[in-house]
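Student: Model the structure of this input:
(one chain, ligands or ions: 2)
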Amino acid sequence: MKKIKAAFVKRNATRNISDLKYIFNGLNGLKERFVLINVLEDTYEFLHPNLENEQVMKRGPYNEFVSYLQAAVVNDADRRKLAGVLPLKNLTKMLSANSKKTISFPIKINICGEERWDLLSFIVVEMLDDSIYKVLLSRRDITESQAKEERQQKLLTEALEQAKIANQAKSAFLFNMSHDIRTPMNAIIGYTTMARKNLNNPEKAEDCLNKAEMSSRHMLHILNDILDMAKIDSGKVDLESAPINIVDECYATDAMFRSSMEEKNIDFKVNIDIASKEVLGDAVRLKQIVVNLISNALKYTKPGGKITVDYIQTGWTINNYACYEIRVKDTGIGMSEEYQKHLFEAFERERNETVSGIQGTGLGLAISKRLAELMGATLSCKSQIGVGTEFIFKVKLPLAENMTQQERADIDYSAFDGKRILLVEDNDLNREIAVDLLEEMGFLVEEATDGADAIQKIKNKGEHYFSLILMDIQMPYMDGYQATREIRSFNNKSLADIPIIAMTANAFEEDKQKALDAGMNAHLSKPIDVKKLSETLYEYL
Ligand code: ATP
Ligand code: MG
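Tutor: Residues are numbered from 1 along each chain as shown. Ligands and ions are numbered 1, 2, ... in the order given. Next up is the predicted model:
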């Protein structure tokens, strides 16, 4: 066994070279190569990987080893580093200065075309008259741990990047929101103030109120869009699968635009070529997508332009599914190729002077795209500046065969005449609006300002007085849920069973569920949609 004095441990003490393995923690003999550098003789020896065997595999002048190592190095930085360390004068100087008489660093090398990471460790193993005599160089393969570290580093960088993007998106969202909501809000406040100042000039006051109303509608549109985006992004949109007549829906959609197209002098053409009309789907969401596309075409096409909407059934019905293609084509301002890359991102609008003069928040297409994806449908676009734009919406829907046509009863308003409704609502303005609406429908309306007040009134009036209760949710003293639960637990069966309909600004699906869980019969969201209100009232009376 070859004995080497490990002088740096204890002068003149001898140490079996195999013990040196343990100086490099966790060595794996096979992944390790050893070179013994004889400083005084200026030579090197390749030792057998298993240090227990003293066999020398190759020896030669030290310079030969230096060029061998330099040739394997991949990076310039590593090459420079080695050039600083390898010359024996430098090496011995650095090792002498190091208290552990050891230097370690990783380098990247290429062995037979494969890039690997090695950890080089130089360690003094023998001294002679206070000078370094022999240095052992270990080359340990650390490719795996290095790769793992690199992967972790990459994951960390990506996570950081994601967090940055999310943060920027949040800031952009808040910035856009405060701008987009403030604009109509300022108009509403401004015009109502102006209307008040002009109470003795009814014409002017009326004009101001009209403008305030327009801004309110615009703001409602923005709020609905934001709510929609939030719902979609948090996975809270459940698509309905109800029987619909797709051709009826097409006609209904076009009817919405006829007069505005005429008003703007746009040649509006609609072609419907559909054989399978009865399908299952979510009519509201399908229409929402198409309405967004047509209203964009209308917004971004100048008077005298042309808009064509094609509703086409494509291919055969397969496995009881039918495929439809809806194309909305305009001869409008078009979009640059650069902008088209961001077309479906929220709040993105093309920055050109035409758009800056047209109202919009840049949410319409982001919502449409997400809804289309939820339906397993596709939404794509072809556009050229100054020539026009075509949006193509492709959707596959299950056929509603053997479906019985749902008969929708027309509302007979005389059914409402003289029926008494208890309106429970804490907000004076909302109460005033609702009372007006209900009285116009023929109802007699009584008011309560919170849940407790409502319960008192129902008890005082007794059986067969109120036909129905419209219940707000958030109210002081007792909220709508609590009030409903108490009414439902009345001993008097006919009072406990009065139909209760929630009328609330909490518009999420889970709010609806909560209302039903509390014992309410139905849920209407504010602002009140008159048609829905009358349909719901009709259904429960
Ligand atoms: P809103 O959220 O009210 O719909 P918007 O119309 O600006 O606002 P999107 O419908 O998402 O938002 O459209 C985003 C942008 O894409 C528009 O601002 C416009 O720059 C461009 N764009 C969309 N449709 C067309 C079109 N048919 N022709 C030209 N540009 C269009
Ligand atoms: Mg739009």
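Student: rest of the way, CA atoms for contacts and neighbours
Tutor: OK.
Student: residue contacts, Glu206?
Tutor: Neighbour list for Glu206: Ala195 [criterion: C-alpha atoms under 8 Å, 6 or more residues apart in numbering].
Student: Assumed it was part of a strand.
Tutor: No - per DSSP: H, G, I helix; E, B strand; the rest coil, Glu206 lies outside any strand segment and is helix.
Student: For the residue lying farthest from the centre of the chain, what are phi and psi?
Tutor: Note on the chain: the largest C-alpha distance from the chain mean falls to Asp129, namely 71.5 Å (C-alpha atoms, centre = their mean). When read as degrees, to the nearest 10, the backbone of Asp129 gives phi 50, psi 50.
Student: Now look at whichever helix or strand Asn186 is part of and say if it contacts ligand 1.
Tutor: Secondary structure assignment for Asn186, by DSSP states H and E: helix 143-197. No - for a cut-off given as C-alpha under 6 Å from any ligand atom, helix 143-197 has no contacts with ligand 1; the smallest distance is 10.3 Å.
Student: so for that helix, what's the average pLDDT?
Tutor: Helix 143-197 carries an average pLDDT of 86.
Student: for it, packing partners?
Tutor: strand 114-128, helix 202-233 (3 or more C-alpha pairs under 8 Å, 6 or more residues apart in numbering; DSSP states H and E).
Student: Off-centre distance for the last one?
Tutor: Right, helix 202-233. 25 Å (C-alpha atoms, centre = their mean, to the nearest Å).
Student: Low-confidence ranges, the protein, go.
Tutor: 1-31, 49-55, 316-319, 352-356, 401-411 (pLDDT under 70).
Student: now the helices: where do they sit in the stretch 251-400 of the chain?
Tutor: Here the stretch 251-400 of the chain has its helices, by DSSP state H, counting those that start in this stretch, at 283-299, 337-340, 353-356, 364-374.
Student: Pipe those helices into TSV and attach distance to Ile165 and mean neighbour count per row.
Tutor: As requested, these are exported to TSV (distance: least, C-alpha to C-alpha, whole Å; neighbours: other C-alpha atoms under 10 Å):
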stretch	distance to Ile165	mean neighbour count
helix 283-299	28	19
helix 337-340	19	13
helix 353-356	26	11
helix 364-374	18	20
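Student: mind putting these in CSV, distance to ligand 2 included?
Tutor: Below are the helices of the stretch 251-400 of the chain laid out as CSV (distance: least, C-alpha to the ion, whole Å):
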stretch, distance to ligand 2
helix 283-299, 5
helix 337-340, 14
helix 353-356, 11
helix 364-374, 4
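Student: check contacts around the residue nearest the centre of the chain.
Tutor: Centroid-nearest residue in the chain: Asp233, 4.9 Å away (criterion: C-alpha atoms, centre = their mean). Asp233 makes no contacts at all, as judged by C-alpha under 8 Å, 6+ apart.
Student: Against ligand 2, how distant is it?
Tutor: Applying C-alpha to the ion, to the nearest Å, the value for Asp233 to ligand 2 is 19 Å.
Student: same thing with Asp180?
Tutor: For Asp180, the distance to ligand 2 - C-alpha to the ion - is 14 Å.
Student: so what's the closest residue in space to that residue that isn't next to it in sequence up against?
Tutor: Nearest non-adjacent residue to Asp180, counting by C-alpha to C-alpha, 6 or more residues apart in numbering: Thr361, 6.9 Å away. Thr361 makes contact with Asp180, Ile222, Phe347, Glu348, Arg349, according to C-alpha under 8 Å, 6+ apart.
Student: Outside of stretch 306-323 itself, list whatever touches it.
Tutor: Contacts of stretch 306-323 (C-alpha under 8 Å, 6+ apart): 250, 266-276, 294, 297-298, 324-332, 394-399.
Student: In strands only, show me the residues you listed.
Tutor: 267-273, 324-330, 394-398 (DSSP state E).
Student: Just the buried ones from these, in ChimeraX syntax?
Tutor: In ChimeraX syntax, the buried subset of those is picked out as below (16 or more other C-alpha atoms under 10 Å):
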select :268,324,325,326,327,328,329,330,394,395,396,397,398
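Student: Which ones, among the ones in strands among the contacts of stretch 306-323, also lie beside ligand 1?
Tutor: Of the ones in strands among the contacts of stretch 306-323, not one also sits near ligand 1 (C-alpha under 6 Å from any ligand atom).
Student: before we move on, the earlier item: now neighbour count too, for the contacts of Thr361, in JSON lines please.
Tutor: Listed next are these as JSON lines, based on neighbours: other C-alpha atoms under 10 Å:
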{"residue": "Asp180", "neighbour count": "18"}
{"residue": "Ile222", "neighbour count": "21"}
{"residue": "Phe347", "neighbour count": "19"}
{"residue": "Glu348", "neighbour count": "16"}
{"residue": "Arg349", "neighbour count": "18"}
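Student: and Leu524, how many neighbours?
Tutor: 21 (other C-alpha atoms under 10 Å).
Student: near ligand 1, which residues of the chain show up?
Tutor: So the chain meets ligand 1 at 296-297, 300, 332-335, 343, 348-350, 355, 360-366, 389 (C-alpha under 6 Å from any ligand atom).
Student: again, only this time at 5 Å
Tutor: Asn296, Ala297, Tyr300, Gly334, Arg349, Glu350, Gly360, Thr361, Gly362, Leu363, Gly364, Leu365 (C-alpha under 5 Å from any ligand atom).
Student: Glu176 and Phe347: what is the separation?
Tutor: Not quite, residue 176 is Asn, not Glu. Plainly put, Asn176 is 7 Å away from Phe347 if you go by C-alpha to C-alpha, to the nearest Å.
Student: And for Glu249?
Tutor: 28 Å.
Student: now Met57
Tutor: 69 Å.
Student: do the same with Tyr44
Tutor: Distance from Tyr44 to Phe347, by C-alpha to C-alpha: 68 Å.
Student: again with Gly480
Tutor: From Gly480 to Phe347 the distance is 36 Å (C-alpha to C-alpha).
Student: Check Glu64 too.
Tutor: On the measure of C-alpha to C-alpha, Glu64 and Phe347 end up 65 Å apart.
Student: now do Gly418
Tutor: Applying C-alpha to C-alpha to Gly418 and Phe347 gives a distance of 49 Å.
Student: and if you look at Met471?
Tutor: 36 Å.
Student: do Arg139 as well
Tutor: 56 Å.
Student: swap in Asn38?
Tutor: Distance from Asn38 to Phe347, by C-alpha to C-alpha: 70 Å.
Student: What parts of this protein come near ligand 2?
Tutor: With C-alpha under 5 Å from the ion as the criterion, the chain meets ligand 2 at residues Asn296, Gly364.
Student: ok, now with 8 Å
Tutor: Asn292, Leu293, Ser295, Asn296, Lys299, Gly360, Thr361, Gly362, Leu363, Gly364, Leu365 (C-alpha under 8 Å from the ion).
Student: Assess the claim that the fifth one and Ile358 are in contact.
Tutor: Yes - the pair Lys299 / Ile358 is scored as a contact, 7.3 Å apart, by C-alpha atoms under 8 Å.
Student: Give the residues shared as contacts by the two.
Tutor: By C-alpha under 8 Å, 6+ apart, no residue touches both Lys299 and Ile358.
Student: Phi, psi for Asp472 please.
Tutor: Torsion angles, degrees, to the nearest 10, at Asp472: phi -70, psi 160.
Student: Please disregard the earlier target; I meant Leu40.
Tutor: phi -70, psi -30.
Student: Do I have it right that it meets Tyr133?
Tutor: Yes - using C-alpha under 8 Å, Leu40 is in contact with Tyr133, at 5.9 Å.
Student: All good on my end, thank you.
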